[in-house]
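>>> sequence and computational prediction follow.
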Amino acid sequence: QVQLVESGGGLVQAGGSLRLSCAGSGRTFSRHAMGWFRQAPGKQRELVASIGRGGNTIYADSVKGRFAISRDNANDTVDLQMNNLKPEDTAVYYCAGSSTFFETTSLRMYPYWGQGTQVTVSS
């Protein structure tokens, strides 16, 4: 059974930091790109960051310079370090496993999803 399990969400004040982690099982996620997405109430799910199997990354413009995605291929984990958080970063954050090798912004290229973890940033 393929699973992605996120952890690390919570409540933080604006300007603070959180680190999200995602652990994969049932599939060798290290061979494929991984991504973090988020969905705020009433909004569409959007890409936050993606990392290819070689370590290349893509970021949403809104998080560039504040967030960093990283992966540990030996342990099939992917992390999202979030700094200088803003109230507009409040959302449910999802870890996703891609069917491609390279980093991608296309939501349809991610067939595997975690259950999501809530991040709330207070002003």
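Received it, and whenever you're ready, just let me know what you need. Numbering: from 1, shown residues only.
>>> just checking, residue 37 is part of a helix?
No - assessed by DSSP: H, G, I helix; E, B strand; the rest coil, residue 37 does not belong to a helix; its assignment is strand.
>>> next, count neighbours for it.
Residue 37 has 24 neighbours, counted by other C-beta atoms under 10 Å. Placement of C-beta: from N, CA and C, glycine included.
>>> ok, residue 18 next?
Counted with other C-beta under 10 Å, residue 18 comes out at 21.
>>> setting aside sequence neighbours, what's the nearest residue to it?
residue 82 (4.9 Å; C-beta to C-beta, 6 or more residues apart in numbering).
>>> show me what the residue positioned nearest the centre of the chain is bridged to.
Centroid-nearest residue in the chain, with C-alpha atoms, centre = their mean: residue 36, separated by 2.0 Å. Beta bridges link residue 36 to residue 49, residue 95, judged by DSSP bridges.
>>> what's the pLDDT at it?
Reported pLDDT at residue 36 in the predicted model: 98.
>>> OK, contacts around it?
Contact analysis of residue 36 by C-beta atoms under 8 Å, 6 or more residues apart in numbering lists 20, 22, 47-50, 69, 78, 80, 93-96.
>>> from those, pick the one nearest residue 103.
Proximity of the contacts of residue 36 to residue 103 (C-beta to C-beta) peaks at residue 50, which lies at 4.1 Å.
>>> neighbours around that closest one, how many?
For residue 50, using other C-beta under 10 Å, the count is 27.
>>> quick check: it touching residue 106?
No - taking contacts as C-beta atoms under 8 Å, residue 50 lies outside contact range of residue 106: 9.3 Å.
>>> look up the pLDDT of residue 47 for me, please.
As predicted, residue 47 sits at a pLDDT of 97.
>>> okay, buried residues for the strand or helix carrying it please.
Assigning secondary structure by DSSP states H and E places residue 47 in strand 46-51. Within strand 46-51, the residues that qualify as buried are 47, 48, 49, 50, 51, counting by 16 or more other C-beta atoms under 10 Å.
>>> the last one contacts residue 68, correct?
This points to residue 51. No - Residue 51 lies out of contact with residue 68 (C-beta under 8 Å); the separation is 9.8 Å.
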